[in-house]
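A.B. asks: Got a predicted model here, sequence first, then my questions.
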Amino acid sequence: DTEVTQTPKHLVMGMTNKKSLKCEQHMGHRAMYWYKQKAKKPPELMFVYSYEKLSINESVPSRFSPECPNSSLLNLHLHALQPEDSALYLCASSQETSREQYFGPGTRLTVT
Amino acid sequence: GENVEQHPSTLSVQEGDSAVIKCTYSDSASNYFPWYKQELGKRPQLIIDIRSNVGEKKDQRIAVTLNKTAKHFSLHITETQPEDSAVYFCAASMRSSGDKLTFGTGTRLAVRP
């Protein structure tokens, strides 16, 4: 398996909802990332996990809560989001030695 | 922190012509420079990368050059085809920042048939 997968593809949620985004890779990569991408903008890094430990949090609001249950899975738990949080959420993974980051297809999130 | 500037923001070329996209970075400690292609509604796709110990790298119609002294790197696409139309992002990273990618603002390339 040479891909990063993400579910769901699309998500619409209200500001009081709680939802989770999921990311999975089976390439043996030990670093996993969450990015947020707004329309016509580059991806912005949110979190980095290295060997299942959170290594970087780019001052992301606490309404976004990442979790790495094991080396293949990465979750992003969402709670009390704002309409401005609507965006494409991308997961990526990399092998520490090669540094090449491979992106999943993303979850398009709409907060109403 | 690192800052990456990318030019031009839009580029339109005739099929078969070459396209060049340029990026500059601010932190001399950056040592890894990937390029991503993102088609509309799709994921960013790594198309080529270069490390600071190399000045040029080529893969078929795509090449990347790096000038460490001037802190700039460029993407060259030769014999462009309509399927090359996409947004291209450059990025820079350094080991000391946990390989965090700092992206340029993107170049929208349109190849006219």
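C.D. replies: Yep, that arrived.
A.B. asks: phi, psi of the residue of chain A found nearest chain B?
C.D. replies: Nearest residue of chain A to chain B: A:P42, at 3.5 Å (CB to the nearest CB). Any C-beta I mention is one placed from the backbone N, CA and C, and that applies to glycine too. Phi and psi for A:P42, reported as degrees, to the nearest 10, are phi -80, psi 160.
A.B. asks: Next one: it relative to B:Y36, how far apart?
C.D. replies: 9 Å (CB to CB, to the nearest Å).
A.B. asks: Find the helix or strand that the nearest residue in space to A:H29 that is not next to it in sequence is a member of.
C.D. replies: Using CB to CB, 6 or more residues apart in numbering or on different chains and skipping residues adjacent in sequence, the residue nearest A:H29 is A:S93, 3.8 Å away. Taking DSSP states H and E as the definition, A:S93 sits inside strand A:87-94.
A.B. asks: Residues in contact with that strand: which ones?
C.D. replies: Strand A:87-94 has contacts (CB atoms under 8 Å, 6 or more residues apart in numbering or on different chains) with A:4, A:6, A:21, A:23, A:25, A:27, A:29, A:31-38, A:43, A:74, A:76, A:100-104, A:106-109, B:43-44, B:99.
A.B. asks: and what of stretch A:7-19?
C.D. replies: Residues from elsewhere that reach stretch A:7-19 (CB under 8 Å, 6+ apart): A:21-22, A:77-83, A:105-112.
A.B. asks: buried stuff in stretch B:101-113?
C.D. replies: Of the residues in stretch B:101-113, those buried under the neighbour-count criterion (16 or more other CB atoms under 10 Å in any protein chain shown) are B:L101, B:T102, B:F103, B:G104, B:T105, B:G106, B:T107, B:R108, B:L109, B:V111.
A.B. asks: Chain A contacts on chain B?
C.D. replies: Within chain B, the residues that sit near chain A (CB under 8 Å from any CB of the partner chain) are B:32, B:34, B:36, B:42-46, B:49, B:89, B:91, B:93, B:98-101, B:103-106.
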